Structures are given as structure tokens and as C-alpha cells.
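Enquirer: Requesting a structural model of the entry that follows:
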Amino acid sequence: MALFVSGLRLLNHHLYRLFGGEEARRQANDMMRRLASVYTAVALIFAATLLPGLVHYHWESTVTLLAAGVFYNLALVRPQRSVVPELASMVFWTLGVACSLLSAWIAGPPYAYLWAGSAVTLPFVAVIWPPRVTVMAVASLMAGVITTGLLVAPGEIAHEPPTLVGPVLAMIFTAVMASSVREVDRRHRAAVITDSLTGLGNRAAMALYARERFGRARQVFRSRWSCSTSTTSRRSTTGSATRRGTLHCGARRSP
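Expert: Numbering: from 1, shown residues only. Alright, predicted model coming up:
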């Protein structure tokens, strides 16, 4: 188990560098806190638009859509309480995309537009993740949507390519617009926490840094405490079993 956790930490360390380091993580955590409440409203609006079609969808597609919504929500709230935040964010988002595309595949050609459930997350992804990671996410989503479309309705796409080209271009446009919002926020944050005269961090930067360090230390303490508790329980269980075995052998040897 310890080796598995070490592997996850090592993988998250590489993702941490890919995501842009501590400053990018700080901005991502702040964005996640802001968007956590907004996501609920977006999910309700999207569910309301699909509600009339529930009488025609297979129940399996409804279940996978609900699972996708849960995974997307976890991608927003779970990284803030995880010791591997970048990895948790990517894994939960990938699971949500997989469930969204699976629902479109289950629903069939008349309702293949259910893939839009995954496209709704692009503004969130582009605002939270740095541009290079957003490009990777958009490329992966485009590949998934095109593959799903070719598997679900190959004849319709071959006859009318704009049915697939249009949504793909809309995804790219949405991601670019949301990335510009993230860049504006990054510049604004830099201006707020940087002293204009010296170029060093000001009081707001110190308070923000202290709060984040305290939160990170609390997460590490919880993880280490849970590991030490499980190790202690295993040792006590092993010791109890050894004592019982010794007493049992002594009882058998007593005659």
C-alpha cells in the first residue's frame, strides 16, 4: 500500500510541474472554490434541458449521465482535500467524460447529442487548468466525441459532416474564451498580492501563503495519521494472534 501511495505522489509531482507549479495550484484551488457552487446551478439547468427526453432514453443512459455529474463535481471539490490534487482532478474529470460519452453511445443515434454533457465542462476546465493542460483536455475530448460519433451514427456523419464539425469547433471556441478569463484572473491575482514598488509579495500574499501551507500540513497530517493508525491496528492484531497461538501451544503442551 505504501508503494502504491508513493507511486501516486510521484505521478502527481510530474503533473504538478506540468500544471505550472505552486502559483498555478493556488489559482486552481481558488477557482475551484468559486465554481463549486456555480456547478450546481449549471448541472440543474443542463438536467432540465434533458428532462423531456427521459421518456425516450434508456435508463442506462440516465444512470451514466448522473454518474458523470457526480464525477465532474468530485473533480471540483475533491482536489482541495487531496494530497494528490492534480491527479485527482484529472482522474475524476476523465471518468466524467467517459460516462458522458457512454451515455450518448447507449442512447443511440437519435439522442447522440447527449455527448454535450462532456462539452459543458470545458469552461470549467479552461478556467481552472493552465492553457497547455486545457489543450490536452480539449484534444482528448474531441477525440472521444469524434470516436463516439463515428461508432454511434457513422452514416449520418458521413452524409452530413457539419453535424460533427460544428460542435467540435464550438468546443475549441469555448475553451479559448474560458482560457482568456483565466489569464485575466491570473494577472489580477498577481497585481493584488504583489507590491507595486518592490515587486515582492505583500501582506495579502503572506496571508494567502500561510493559509495554504496550513491546509496542506493538515492534509499531510491526516494522511500520515490514518497510515499510522492502520499500521498500529495491524501490529496489534498480529500481536494478539501471536499471543493466542502461544497460549494455545502452551495449553496443548501442558500434559
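Enquirer: So, low pLDDT: which residues of this structure?
Expert: 49-58, 109-117, 189-205, 208-209, 212, 215-216, 218-255 (pLDDT under 70).
Enquirer: Helices of the chain, start to end?
Expert: Assignment of helices within the chain using DSSP state H yields the ranges 2-19, 22-50, 59-77, 85-107, 116-119, 122-128, 131-152, 154-159, 162-193, 203-253.
Enquirer: Export these to TSV and append columns for mean neighbour count.
Expert: Heads up, the C-betas are built off the backbone N, CA and C, glycines and all. Compiled in TSV, these are given as follows (neighbours: other Cβ atoms under 10 Å):
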stretch	mean neighbour count
helix 2-19	13
helix 22-50	15
helix 59-77	19
helix 85-107	22
helix 116-119	21
helix 122-128	22
helix 131-152	17
helix 154-159	12
helix 162-193	14
helix 203-253	11
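Enquirer: Extract the C-alpha trace of stretch 41-49 and format it as CSV.
Expert: Extracted in CSV, the C-alpha atoms of stretch 41-49 (Å, rounded to 0.1, in the frame of the first residue of the first chain):
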residue,chain,number,x,y,z
ALA,A,41,-26.8,25.6,-11.0
VAL,A,42,-25.2,24.6,-14.3
ALA,A,43,-26.0,20.9,-13.6
LEU,A,44,-29.6,21.7,-12.8
ILE,A,45,-30.0,23.8,-16.0
PHE,A,46,-28.5,21.1,-18.1
ALA,A,47,-30.6,18.4,-16.4
ALA,A,48,-33.8,20.5,-17.1
THR,A,49,-33.0,20.7,-20.8
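Enquirer: what does it contact?
Expert: Contacts made with stretch 41-49 from outside it, assessed by Cβ atoms under 8 Å, 6 or more residues apart in numbering, are listed as Gly69, Tyr72, Asn73, Gly117, Val120.
Enquirer: separation between the second one and Pro131?
Expert: Okay, so that is Tyr72. Shown here: Tyr72 relative to Pro131, a distance of 21 Å by Cβ to Cβ, to the nearest Å.
Enquirer: and if you look at the last one?
Expert: According to Cβ to Cβ, Val120 stands 20 Å off from Pro131.
Enquirer: ditto for the first one
Expert: Plainly put, Gly69 is 26 Å away from Pro131 if you go by Cβ to Cβ.
Enquirer: Could you tell me the phi and psi values at Pro161?
Expert: In terms of degrees, to the nearest 10, the main-chain angles of Pro161 are phi -60, psi -30.
Enquirer: Begin at 29 from now on, thanks
Expert: Shifting the count to begin at 29 puts that one at Pro189.
Enquirer: What is the burial count for it?
Expert: 10 (other Cβ atoms under 10 Å).
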